[in-house]
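Colleague: Can you look at this prediction? I've put the sequence above it.
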Amino acid sequence: MEAVKRKWNKLPITAKAPWVPHLGEVPESVEYFDGTMFEMVEKVAEKYPEYVAFDFMGRSTTYKRLVEEVNKCARSLRTIGVRQGDRVTIAMPNCPQAIFMLYGVNLIGAVANMIHPLSAEKEIEDYLNMSHSVTAITLDQFYDKFEKIRANTSVVNIIIASVKDELTKPLKAGYMLTEGRKIKIPSDAPVIMWKDFIRIGKACFYNYKVKAHAEDPAVILYSGGTTGTTKGIVLTNLNFNALSEQVMSANPMFRPGDRMLAAMPLFHGFGLGVCIHTMLTQGGRCILVPRFTAESYAKLIVKYKCNFIAGVPTLYEALLRIKSMDGADLSFLKGVFSGGDSLSIELKKKLDHFLNDHQSAVMVREGYGTTETVTACCLTPPHMFKEGSIGLPFSDTYIKIVKPGTDEELPYGEEGEILLAGPTVMKEYMDNPEETAQTLREHPDGLTWVYTGDLGTMDSEGFVYFKGRAKRMIISSGYNIYPAQLENIIDAHEKVHMSCVIGVPDTYRMHAVKAFIMLKPGVPADDVTRDEIKKYCEKHLAKYELPREIEFRDELPKTLVGKVAYRELEEEELAKSDK
């Protein structure tokens, strides 16, 4: 296939603009692939057919096989009735079938709706209905959750995959003796098992490939936006393909065949955009990590001699304490990236010392971004670090600091709201034109800017400094948690009068969830009530959202306008942790 490139159409930067990137000079504009996500992968596969695309629990898959399996998926999807523009929910960990399905969906012009497989039943139901998904795929171990809510959705087909289908024979035997034997799916379950699904495609004798375009929707990811309520973020082929080129332009040390430890999940922009799609469109090799633990992460880095690793600060905090890393040689590392949460100055120093002590020539590079721009759009350059900075914008990505909520640009060094513009900016919030109009605004410069709700500053060399979040959000182990949503769910419990959810310091997760609850009159504030509310939360919230602690209060502090003063509760908890 002929390589097609496109230029990012932008206005020239003016001298007075406070968003001049790359040390005050306009970066060389990158040319972007003018096609779909899969077409960009297919083009690389033609060049490197025998290169390994990814490794999964000891089994390697070449680019040639990747393309073959994607085509099989595409045929089967068309055969079961999925059409261009339909939404297909993928609720999977980082495993081969998830990647085959992602690009198979893309090949037929449908849209991949990416969700966390550990989401609570009600959350899964909401995601399926919000996206109007016609088909869903998940692992056999999550079958029960999907079956319980299926009748409340528009899903026609549920496809069930199994980890064992992609294991080597020795590992498959071990798996079936341990975890596999616990998983039971009724023989008459109204689902399509993965092997049967692939077999169905043999009946497809018509053209299953759809001519899609760069600006067409490709993926839906979820975020709380600036208001803290879950919204589907519609991202295009161009958004992901542009990110791939931008990441490469910021990492000239990359070579085809280089290995990335893909531990960040597929339903997260960082995991899907950087660890998977960027690697697979550049001839890289992904080491898929389906279930993360700090121990497995450390083991895989050394075993596969990974050239690039990416993670959240909590991951690196845990890595520093892993005994198996004592004396490990990490000289093969070319890039270590941190994102998803702020990397403290002290943790960066510790990690840089750790890398140096283990023969690595690199230092950790911090990035910044939002799901509304897929993921990272700003990164510390490899050659220059400024304490407290999240780096410089990627090529063709512009950042400016404005007076919050306005388009009034602020001088260098003055704190305001961080705005982003560039080729990775989302298409829209799904079925939410009001929120889209609030977040995406066109300025007189002709660019469409994302109002992030984050606060920061910029210096005269274009380095950006993240100062805090204007929106109310908790980040725990890299996951975004929106207190307002949790409060709505807790408040719906028949014994709860009012609740307030905050993030409290946690040595491992950085922040953990704590719920303060006012009970209805006459309800005893005892362990029985606490356990009842905890069980209710387990049914309605994802595991990473569950309150670590529930504290009953007779009253909750209020602001002058009568809202719950959550900042007072945060200050109380901070004072406790300082003692």
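Modeller: On my side now, so go ahead.
Colleague: those strands in the stretch 301-450 of the chain, which residues are they?
Modeller: Taking DSSP state E, counting those that start in this stretch, the strands of the stretch 301-450 of the chain run over residues 308-311, 335-338, 364-369, 376-379, 392-393, 398-402, 416-421, 428-429, 440-442, 448-458.
Colleague: so can I have a markdown table of those strands showing mean neighbour count and mean pLDDT?
Modeller: For glycine as for every other residue, the C-beta is placed from the backbone atoms N, C-alpha and C. Shown next, in a markdown table, are those (neighbours: other C-beta atoms under 10 Å; pLDDT from 0 to 100):
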| stretch | mean neighbour count | mean pLDDT |
| --- | --- | --- |
| strand 308-311 | 25 | 92 |
| strand 335-338 | 23 | 94 |
| strand 364-369 | 24 | 92 |
| strand 376-379 | 27 | 92 |
| strand 392-393 | 26 | 94 |
| strand 398-402 | 23 | 95 |
| strand 416-421 | 24 | 94 |
| strand 428-429 | 21 | 96 |
| strand 440-442 | 15 | 96 |
| strand 448-458 | 21 | 92 |
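Colleague: Could I get those strands in TSV, plus columns for distance to residue 351?
Modeller: Listed next are the strands of the stretch 301-450 of the chain as TSV, based on distance: least, C-beta to C-beta, whole Å:
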stretch	distance to residue 351
strand 308-311	10
strand 335-338	8
strand 364-369	5
strand 376-379	16
strand 392-393	20
strand 398-402	25
strand 416-421	24
strand 428-429	35
strand 440-442	35
strand 448-458	22
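Colleague: For residue 210, find the nearest of those strands.
Modeller: Among these, strand 428-429 comes nearest to residue 210, with 21.1 Å by C-beta to C-beta.
Colleague: got the contact list for the closest one?
Modeller: 225, 231, 232, 233, 234, 435, 436, 439, 440 (C-beta atoms under 8 Å, 6 or more residues apart in numbering).
Colleague: Can you tell me the centre-most residue of the protein?
Modeller: Nearest residue to the geometric centre of the chain (C-alpha atoms, centre = their mean): residue 268, 1.4 Å.
Colleague: residues contacting that residue?
Modeller: Neighbours of residue 268 in contact, by C-beta under 8 Å, 6+ apart: 221, 340, 375, 478.
Colleague: Highest neighbour count among those residues?
Modeller: Highest neighbour count within those, by other C-beta atoms under 10 Å: residue 375, with 29 neighbours.
Colleague: returning to that earlier point: so which of the strands of the stretch 301-450 of the chain is nearest residue 126?
Modeller: strand 428-429 (14.9 Å).
Colleague: what about the stretch 201-350 of the chain, any weak spots by pLDDT?
Modeller: For the stretch 201-350 of the chain, applying pLDDT under 70 flags the ranges 224-228, 341.
Colleague: ok, back up a step: max pairwise distance over the contacts of strand 428-429: which two?
Modeller: 232 and 440 (14.5 Å).
Colleague: pLDDT score assigned to residue 141?
Modeller: Residue 141 is assigned a predicted lDDT (pLDDT) of 91.
Colleague: how much space between it and residue 91?
Modeller: 11 Å (C-beta to C-beta, to the nearest Å).
Colleague: likewise residue 222?
Modeller: In terms of C-beta to C-beta, residue 222 sits 12 Å off from residue 91.
Colleague: what residues are shared contacts of the two?
Modeller: What both residue 222 and residue 91 touch, as defined by C-beta under 8 Å, 6+ apart, is the set 115, 267.
Colleague: residue contacts, residue 575?
Modeller: By C-beta under 8 Å, 6+ apart, the contact list for residue 575 is empty.
Colleague: what's the helix or strand for it?
Modeller: If you go by DSSP states H and E, residue 575 is part of helix 566-578.
Colleague: Same question for that helix: list its buried residues.
Modeller: For helix 566-578, the neighbour count (16 or more other C-beta atoms under 10 Å) marks 566, 569, 570, 573 as buried.
Colleague: Residue 501: which element?
Modeller: Going by DSSP H and E, residue 501 is part of strand 496-506.
Colleague: in its sheet, what does that strand sit against?
Modeller: Taking DSSP bridges as the criterion, strand 496-506 forms sheet pairs with strand 510-519 (antiparallel).
Colleague: what angle do the strand it pairs with and helix 566-578 make?
Modeller: Here the directions of strand 510-519 and helix 566-578 differ by 120 degrees (axes from the mean of the first three to the mean of the last three C-alpha atoms, to 10 degrees).
Colleague: how far does strand 510-519 sit from the chain's center?
Modeller: 24 Å (C-alpha atoms, centre = their mean, to the nearest Å).
Colleague: And the next helix or strand past it?
Modeller: helix 527-540.
Colleague: Could you name the helices and strands sitting against that following helix?
Modeller: If contacts are counted by 3 or more C-beta pairs under 8 Å, 6 or more residues apart in numbering; DSSP states H and E, helix 527-540 sits against helix 121-131, helix 483-491, strand 549-552.
Colleague: Go ahead and name everything in contact with it.
Modeller: Applying C-beta under 8 Å, 6+ apart, the set of residues contacting helix 527-540 is 120-123, 489-490, 493, 495-496, 517, 519, 523, 546-547, 550, 552.
Colleague: Give me the buried positions along it.
Modeller: Result for helix 527-540 [16+ other C-beta under 10 Å]: buried residues 529, 530, 533, 536, 537, 540.
Colleague: now those in JSON lines, with distance to residue 260 and pLDDT?
Modeller: Listed next are the buried residues of helix 527-540 as JSON lines, based on distance: C-beta to C-beta, whole Å; pLDDT from 0 to 100:
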{"residue": "529", "distance to residue 260": "47", "pLDDT": "95"}
{"residue": "530", "distance to residue 260": "43", "pLDDT": "95"}
{"residue": "533", "distance to residue 260": "41", "pLDDT": "95"}
{"residue": "536", "distance to residue 260": "40", "pLDDT": "93"}
{"residue": "537", "distance to residue 260": "35", "pLDDT": "93"}
{"residue": "540", "distance to residue 260": "35", "pLDDT": "90"}
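Colleague: which one of these is nearest residue 312?
Modeller: Using C-beta to C-beta, the buried residues of helix 527-540 come closest to residue 312 at residue 537, 23.3 Å.
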